[in-house]
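J.: Please work out how this folds:
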Amino acid sequence: MEPHHHKHRNPRSAEADELRQRWAHPVLSDGPTAETYRIAGYHDGLIGATRPDCDLLLPQFDSGLTWPDENNPQPDDPLWDGGVAGGITWDGTFWRDLGRYAASGPLFWSAYLKPGTAPGSGNGYWLNFGFGWAHLANDDPAQMLTGAAPRLGFDRAAGYWTLVIEVTLFVTQEVVVVWSGVKSGGNDPAGLYARSTGCDPTEALRVEAV
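T.: This is a model prediction of the structure:
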């Protein structure tokens, strides 16, 4: 009887196959993750402030803007230097709050979910940054993805982490992407994100736990 010949697989090949499978179908747990993440080195104006392609963020002199009573500022009063009169300057931080917004699960953080934020002037649902401003739709966390929402999270369908910075245009209220990027792999959103779209051409941003 002739001996059976067993085909031995190269261990390196098996390892490569496993890596390819993980890349094609990432396996991510729900942790460990932090309650708060921040864009590393963020300061007001880092994103979208001086980029010619982001000039649309500024209110234009021919946009039909009118000035309300300057002695009674309201959250929707425009400012020529960016943002809205009642908004607060965003610090590049994202927060998680499943009590206020659970629709995207525990792997979702937003600039609007900082403890203490609430509807009304200066309470964190109107954010100023980089000559632009972002507004939580109708001051309602349940409508997180309806308005402009700076956010961080895991896209389970696509299998990667996403970082999105959006703004609300003056007058038209149109939502515009200032910067959006993705990161593959890892059990938490910390790491380097490569730009995918947006008016700001910055190639990459790094996110870190706070």
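
J.: Could you pull up the contacting residues of residue 178?
T.: By CB atoms under 8 Å, 6 or more residues apart in numbering, the residues touching residue 178 are 47, 48, 54, 57, 130, 132, 165, 166, 167, 198, 199, 200. In this view, the C-beta of every residue, glycine as well, is placed from N, C-alpha and C.

J.: Would you show me how to pick out the buried ones of these in ChimeraX?
T.: Applying 16 or more other CB atoms under 10 Å to the contacts of residue 178, the buried members can be selected in ChimeraX as follows:
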select :47,48,54,57,130,132,165,166,167,198,199,200
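
J.: Restricted to strands, list the contacts of residue 178.
T.: 132, 165, 166, 167 (DSSP state E).

J.: Any chance of TSV for these, columns distance to residue 123 and pLDDT?
T.: Compiled in TSV, the ones in strands among the contacts of residue 178 are given as follows (distance: CB to CB, whole Å; pLDDT from 0 to 100):
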residue	distance to residue 123	pLDDT
132	19	80
165	20	97
166	19	95
167	19	91
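
J.: Out of the residues you listed, which comes closest to residue 157?
T.: Ranked by distance to residue 157 (CB to CB), the ones in strands among the contacts of residue 178 are led by residue 166 at 19.8 Å.

J.: picking that back up, among the ones in strands among the contacts of residue 178, which one sits closest to residue 207?
T.: Using CB to CB, those come closest to residue 207 at residue 165, 11.6 Å.

J.: In the chain, where is pLDDT below threshold?
T.: The chain contains residues with pLDDT under 70 at 1-31, 59-83, 85.

J.: That one: strands as residue ranges?
T.: Under DSSP E, the chain gives strands at 36-39, 88-89, 93-95, 108-110, 126-129, 132-135, 151-155, 160-168, 175-183, 191-197, 204-209.

J.: Of all the residues in the third one, which ones are buried?
T.: What it means is strand 93-95. Neighbour counts over strand 93-95 (16+ other CB under 10 Å) mark 93, 94, 95 as buried.

J.: List just the nearest of those residues to residue 155.
T.: residue 94 (15.2 Å).

J.: who touches the closest one in this structure?
T.: The contact partners of residue 94, by CB under 8 Å, 6+ apart, come to 36, 37, 38, 109, 110, 111, 113, 150, 151, 152.

J.: before we move on, what about residue 200?
T.: Residues near residue 200 by CB under 8 Å, 6+ apart: 47, 48, 51, 53, 54, 178, 179.
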